[in-house]
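Asker: any chance you can model this:
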Amino acid sequence: MDVKIELLKQCRGFVNKRLQTVEEIIKSNQKALSSETKSSAGDKHETGRAMLQLEMEKAGQQLAGIVVMKTILSKIDISKTTKKAHLGSVIYTTSANYFLSISAGKLVIDDVIFFAISVSSPIGKQLLGKKVNDDFTFNGKKITILKLE
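Answerer: Below you'll find the model as predicted:
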């Protein structure tokens, strides 16, 4: 099994799950907003509406983040291999294994742990452009790149 294909599939699954969650939040908030009716407790009603509006804005921002993640994933060409770490690279180091893609956290394939990280994350910035046997220091720890795919 190709590790890159599986990592990309898991990242897409992560994004789709987040999208589903945000869409559910939006739907439930829209339902709550439309069912909020003006009562004699006017201030309480306004506070409730304002809270729902804030929730909707937050969900909207999360939705925008999901769109960005989907765009990044669509740019990954898993057939592309280079000598330097780039978007879509699987990087094996002395401390952990990484998939340069989106910040999706810990992914496991055949009992091997990988961390899906964004190229704009602190560790992602360190890894970008590195080659096999390159060293770098992260959080005070010296790390060596063992293998790139």
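
Asker: residue 24: helix or strand, and which one exactly?
Answerer: Following DSSP states H and E, one finds residue 24 within helix 3-35.

Asker: domains in the chain, as residue ranges please.
Answerer: Following automatic domain parsing, one gets these domains for the chain: 3-75, 90-148.

Asker: export those domains to a markdown table and tack on mean neighbour count, distance to residue 82 and mean pLDDT?
Answerer: For glycine as for every other residue, the C-beta is placed from the backbone atoms N, C-alpha and C. Converted to a markdown table, those look like this (neighbours: other Cβ atoms under 10 Å; distance: least, Cβ to Cβ, whole Å; pLDDT from 0 to 100):
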| stretch | mean neighbour count | distance to residue 82 | mean pLDDT |
| --- | --- | --- | --- |
| domain 3-75 | 14 | 13 | 87 |
| domain 90-148 | 16 | 8 | 96 |
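
Asker: these: which one's closest to residue 81?
Answerer: With Cβ to Cβ as the measure, domain 90-148 is the member of the domains of the chain nearest residue 81 (7.8 Å).

Asker: find the centremost residue of the chain, please.
Answerer: Taking Cα atoms, centre = their mean, the centroid of the chain lies closest to residue 103, which sits 3.3 Å from it.
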